[in-house]
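Q: Here is my input; please provide its structure:
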Amino acid sequence: MVRRGFTLIELLVVLAIVAVLVGLLLPAVQQVRGAAARASCQNNLKQLGLAAHNHHDAHGRFPGGVIVTADVNDGWATGFTELLPHLEQGNLRDLYRFDRFWYDPANFAPVGTPVKMFYCPANRAAGGLDLTPIGPQWGCELPPFAAGVDYAFCKGANAGIGPDPARVPPAARGPFGLALRGPDGTSANTTRFADILDGTSSTFALGEAAGGSPRYPARDLKDPAKAAVDPFTGQTALLDQSWGATGFTDRSHPWYAGVLGVTAQFGLAPDFADEPMNRSPGTPTVSSSDLSGYNRSGRDLVSGFRSVHPGGCNFVFCDGSVRWVRQAIDPATYRGLSTHAGGEVLSADGW
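A: Numbering: from 1, shown residues only. Okay, the predicted model is just below:
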């Protein structure tokens with residue numbers, strides 16, 4: 001009895017069928033993975049929203065997005081530090097010396113500690129800021145590494161960075177901005193539920209701010225279409241931020257993002273200076289000592305919200321709900337969702 005094998009043509013047909021099936025299967029697998037990563041990212045934001053609520057229950061206010069002293073550019077701490085006890089990170093919060101600046105040697109270890117929840121799984125599982133080359137730029141001692149975060153507090157529709165945060169008009173102010181730390185350690189200029197006049201279900205609390213992604217290099221301030229290069233490292237500057245390291249750089253070092261996000265740089269008529277979602281190259285965060293306090297000069301800049309999920313960003317609202325917002329959202333609606341007392345009438349059809 002003669003056993004019949006495959007002919008070459010039959011083998012080629014089988015291989016072609018297998019190739020077609022693999023070609024059909026791979027996009028489906030990638031889509032499932034993308035959906036899982038997006039759901040996990042939404043869960044991270046849900047936990048951050050609950051932590052903000054628990055902080056409000058404990059202290060009668062939300063944390064500040066960035067906590068500053070009299071020298072606004074010299075940030076004291078970020079709001080993520082205040083949220084640590086409400087994120088099952090009490091041990092890390094105990095390790096962090098809140099009575100000292102974030103860059104005090106006593107805080108080197110906690111600032112360099114990664115927190116899994118602070119990373120969007122679609123973007124990265126670890127990473128942050130290598131501060132080794134940055135310390136000499138500023139002539140000070142910094143931690144060698146600052147663990148990253150892929151989320152940002154909503155500052156609203158205005159990039160004003162000044163010693164009196166209340167000068168930003170309510171129509172452009174978000175629920176998380178600059179909080180002033182007093183000599184007694186208390187924080188002023190924070191937001192309460194009662195201050196959110198536009199409704200907690202219509203106001204962003206935090207949104208995505210994908211850090212360290214080649215998709216979002218910092219834009220060159222002289223040529224916004226080009227990516228900036230950090231002359232101290234010779235590398236393309238990628239927007240990134242840390243949950244524990246903060247402060248505001250100047251226009252001579254425009255290569256960093258921060259834990260605040262905006263939907264517009266000015267946010268008031270006649271020129272809103274909108275900051276589109278997922279802009280690339282992205283806007284760095286810089287302070288130019290704008291005398292108006294609300295960025296009338298347009299020289300202060302704050303980074304926008306950005307994600308690696310196609311077509312939009314995840315946001316947690318002040319009521320704790322997490323929703324997907326399309327990149328194609330109407331700019332006026334986008335600005336309105338980022339402010340907490342602007343009085344806008346928003347339609348769900350716009351986002």
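Q: for the chain, which helix is longest?
A: Ranked by residue count and defined by DSSP state H, the top helix of the chain is helix 8-59.
Q: is it true that T81 touches A245?
A: No. Applying Cβ atoms under 8 Å as the test, T81 and A245 come out as separate, 10.2 Å apart. In short, each C-beta sits where N, CA and C put it, glycine included.
Q: Next, show the common contact partners of the two.
A: Residues touching both T81 and A245 (Cβ atoms under 8 Å, 6 or more residues apart in numbering) are W102.
Q: Compare those two (neighbour count), which wins?
A: Taking other Cβ atoms under 10 Å, T81 and A245 do not tie; A245 has more neighbours (28 against 24).
Q: Next, the contact list for that one, please.
A: Neighbours of A245 in contact, by Cβ under 8 Å, 6+ apart: 78, 102-103, 111, 129, 131, 142-143, 146.
Q: any idea what sits nearest it, other than its immediate chain neighbours?
A: Closest residue to A245 apart from its sequence neighbours, by Cβ to Cβ, 6 or more residues apart in numbering: A146 at 3.8 Å.
Q: So which of the contacts of A245 belong to helices?
A: Filtering the contacts of A245 for helices - DSSP H - leaves V111.
Q: Can you say which of the contacts of A245 are buried?
A: 78, 102-103, 111, 129, 131, 142-143, 146 (16 or more other Cβ atoms under 10 Å).
Q: From the residues you listed, pick the one nearest D57.
A: Checking these against D57 with Cβ to Cβ, the nearest one is T78 at 20.3 Å.
Q: Mind pulling up the pLDDT for the closest one?
A: We have a pLDDT of 97 for T78.
Q: What residues are bridge-paired with it?
A: Counting by DSSP bridges, T78 is bridged to V66.
Q: Same check on L180?
A: V68, A188.
Q: can you pull the contacts of it?
A: Listed by Cβ under 8 Å, 6+ apart, the contact partners of L180 are 67-69, 163, 165, 187-189.
Q: Could you find which two of those residues are furthest from each other?
A: Most distant of these, by Cβ to Cβ, are P163 and S187, 14.4 Å apart.
Q: so where's the stretch 201-350 of the chain shaky on pLDDT?
A: Residue ranges of the stretch 201-350 of the chain with pLDDT under 70: 347-350.
Q: could you pull out the strands for it?
A: Ranges of strands in the stretch 201-350 of the chain, per DSSP state E, counting those that start in this stretch, are 204-208, 219-220, 223-227, 229-230, 235-236, 260-262, 312-317, 322-326.
Q: Please state the offset of the longest one from the chain centre?
A: Yep, that's strand 312-317 we're talking about. 11 Å (Cα atoms, centre = their mean, to the nearest Å).
Q: Alpha carbons only: can I get that strand in PDB?
A: Output in PDB follows, covering the C-alpha atoms of strand 312-317 (Å, rounded to 0.1, in the frame of the first residue of the first chain):
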ATOM      1  CA  GLY A 312      -9.300  60.000  22.800                       C
ATOM      2  CA  CYS A 313      -8.600  60.000  26.600                       C
ATOM      3  CA  ASN A 314     -10.000  58.600  29.800                       C
ATOM      4  CA  PHE A 315     -11.000  61.100  32.400                       C
ATOM      5  CA  VAL A 316     -12.400  60.700  36.000                       C
ATOM      6  CA  PHE A 317     -14.900  63.400  36.800                       C
END
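Q: which strands and helices sit next to it?
A: Where contact means 3 or more Cβ pairs under 8 Å, 6 or more residues apart in numbering; DSSP states H and E, strand 312-317 is packed against helix 8-59, strand 204-208, strand 322-326.
Q: Please tabulate the ones you listed in a markdown table and include mean neighbour count and distance to D300 as additional columns.
A: Shown next, in a markdown table, are these (neighbours: other Cβ atoms under 10 Å; distance: least, Cβ to Cβ, whole Å):
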| stretch | mean neighbour count | distance to D300 |
| --- | --- | --- |
| helix 8-59 | 14 | 25 |
| strand 204-208 | 28 | 20 |
| strand 322-326 | 17 | 24 |
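Q: Same list, these, but as TSV with distance to A228 please.
A: Shown next, in TSV, are those (distance: least, Cβ to Cβ, whole Å):
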stretch	distance to A228
helix 8-59	27
strand 204-208	21
strand 322-326	27
